[in-house]
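Undergrad: need coordinates for the following:
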Amino acid sequence: MLMKRFTTDHLTTFAAVIEYGTFDAAAESLRVSPSAISQRIKVMEQLAGKVLLRRTNPVTPTQAGQSVLRIARQSEFLQLELERELVGEGGFQAVSIALNADSLATWFLEAVRMLAHEDEIFCDLRREGEFHSSALLRSGEVMAAITSRPGKIPGCSVDYLGIARYWCVASPAYVDRYLPGFPAKTTREDLNRAPVVEYDRKDFVQDAARALIEEDLKLSRAEFEQSPTLYIPSSPDYAQAVYEGIAWGLLPEAQCSEYFAAQTLVKLAQKPVEFPLYWQHWNINSPVLEKVSRRVADAAHRGLLNS
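TA: Coordinates of the predicted model:
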């Protein structure tokens, strides 16, 4: 038996409740009473036969609610796109995208610039690690994401972008201070004492980098010990901490190539860390989203390794 369809008011209300976090705030934004909001959500849950919202503070969608939220935001996006086409010149549209800080700092900004200057499309960017950004797309919070995961999210399309290459690096002064005699005389104890920089506590890429360093140094395998760690959630500031000898880190090739030439950065491992990047986006028939995908692919072709 097919369920009755949600109305446009239902979907608009649902998206507003999630965006503003409470029924009262959503009611104020839509200029209706809180009881009207509550009634619409109640009807939606009756139609779906499932609980769609967790009545927490702020309100959050259940797993079923995430699917509804994605459809609600797609509906809103397509309505705005239609208005833009009907209005003609002077209209503009925004797209929400999740991406990692390094992509934004090294190659993605070119796509942002072209979209703004040539297409009158403006980006609402959400910083999230490439191993976690797909969660924002799955929940309906964004309409596209740069991710390292090729698995297609339901309701989305996925396109391969290229390879991101990183190097384990430190400044010469840092090596002299924390890794004396590098590489021949560097011990595991030296590595354990040497400060490292990470973006946040979800950043586990450093583990792979540490393994490469230990492999190059021919250190026997042992239980990993956490080094003193700085957390800097900004790509330029993260890189600056490495340049200034505060910590060793894993930098995109674009942020260290000129320093290798000037011999002001030292490779702690001779092998790079590489992983693929993918563009996941809503699978809808949208000229705006097609333009965004094309600009992103063009920027990735120039900024990433292609294989």
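Undergrad: what about the protein, any weak spots by pLDDT?
TA: 1-3, 88-91, 204-205, 221-224, 307 (pLDDT under 70).
Undergrad: swap the cut-off to 80 and go again
TA: Scanning the chain for pLDDT under 80 picks out 1-4, 83-92, 130-131, 202-206, 220-226, 307.
Undergrad: now the longest helix along it: buried residues?
TA: As assigned by DSSP state H, the longest helix anywhere in the chain is helix 63-87. By 16 or more other CB atoms under 10 Å, the buried positions in helix 63-87 come out as 65-75, 77-78, 81, 84. Where C-beta positions appear, they are placed from N, C-alpha and C, glycine not excepted.
Undergrad: name the next helix or strand downstream of it, please.
TA: Once the chain leaves helix 63-87, the next helix or strand it forms, by DSSP states H and E, is strand 93-99.
Undergrad: any chance you could map the helices in the chain?
TA: Counting by DSSP H, the helices of the chain are 8-20, 23-30, 34-48, 63-87, 101-103, 109-114, 134-138, 172-178, 188-193, 205-216, 235-243, 257-261, 287-303.
Undergrad: the fourth one packs against which elements?
TA: Which is helix 63-87. helix 8-20, helix 34-48, strand 93-99, strand 273-282, helix 287-303 (3 or more CB pairs under 8 Å, 6 or more residues apart in numbering; DSSP states H and E).
Undergrad: residue 199 reaches residue 131, doesn't it?
TA: No. Residue 199 lies out of contact with residue 131 (CB atoms under 8 Å); the separation is 11.1 Å.
Undergrad: looking at those two, which is more packed in?
TA: residue 199 (21 against 16; other CB atoms under 10 Å).
Undergrad: tell me who's in contact with that one.
TA: 101, 129, 231-233, 238 (CB atoms under 8 Å, 6 or more residues apart in numbering).
Undergrad: and the furthest pair within these?
TA: 129 and 232 (13.5 Å; CB to CB).
Undergrad: leaving out chain neighbours, which residue sits closest to residue 97?
TA: Leaving out its chain neighbours, the residue that sits closest to residue 97 by CB to CB, 6 or more residues apart in numbering is residue 144, at 4.9 Å.
Undergrad: how does the chain divide into domains?
TA: 8-70, 75-163+275-303, 165-274 (automatic domain parsing).
Undergrad: end-to-end on the last one?
TA: In domain 165-274, first residue to last residue: 5 Å (CA to CA, to the nearest Å).
Undergrad: which strands and helices lie in contact with the strand ranked longest in the chain?
TA: Of all segments of type strand in the chain, defined using DSSP state E, the longest is strand 156-170. Applying 3+ CB pairs under 8 Å, 6+ apart, we find strand 156-170 packed against helix 205-216, strand 249-252, strand 266-267, strand 273-282, helix 287-303.
Undergrad: my guess is residue 73 contacts residue 15, does it?
TA: Yes. Using CB under 8 Å, residue 73 is in contact with residue 15, at 5.8 Å.
Undergrad: mind listing what residue 296 touches?
TA: Applying CB under 8 Å, 6+ apart, the residues near residue 296 are 108, 111, 144, 146, 161, 279.
Undergrad: could those go into TSV alongside distance to residue 46 and neighbour count?
TA: Supplementary listing: the contacts of residue 296 in TSV, determined by distance: CB to CB, whole Å; neighbours: other CB atoms under 10 Å:
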residue	distance to residue 46	neighbour count
108	43	23
111	43	25
144	32	24
146	38	24
161	43	22
279	38	21
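Undergrad: make a markdown table out of those residues and add distance to residue 175.
TA: Below are those laid out as a markdown table (distance: CB to CB, whole Å):
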| residue | distance to residue 175 |
| --- | --- |
| 108 | 31 |
| 111 | 36 |
| 144 | 40 |
| 146 | 32 |
| 161 | 34 |
| 279 | 37 |
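Undergrad: and of those, the nearest to residue 47?
TA: residue 144 (28.7 Å).
Undergrad: beta-bridge partners for that closest one, please?
TA: With DSSP bridges as the criterion, residue 144 is bridged to residue 97, residue 281.
Undergrad: so who does it touch?
TA: So residue 144 contacts 95-98, 137, 279-282, 289, 292-293, 296 (CB under 8 Å, 6+ apart).
Undergrad: looking at these, spot the one nearest residue 219.
TA: Of the contacts of residue 144, the one sitting nearest to residue 219 (CB to CB) turns out to be residue 98, at 36.8 Å.
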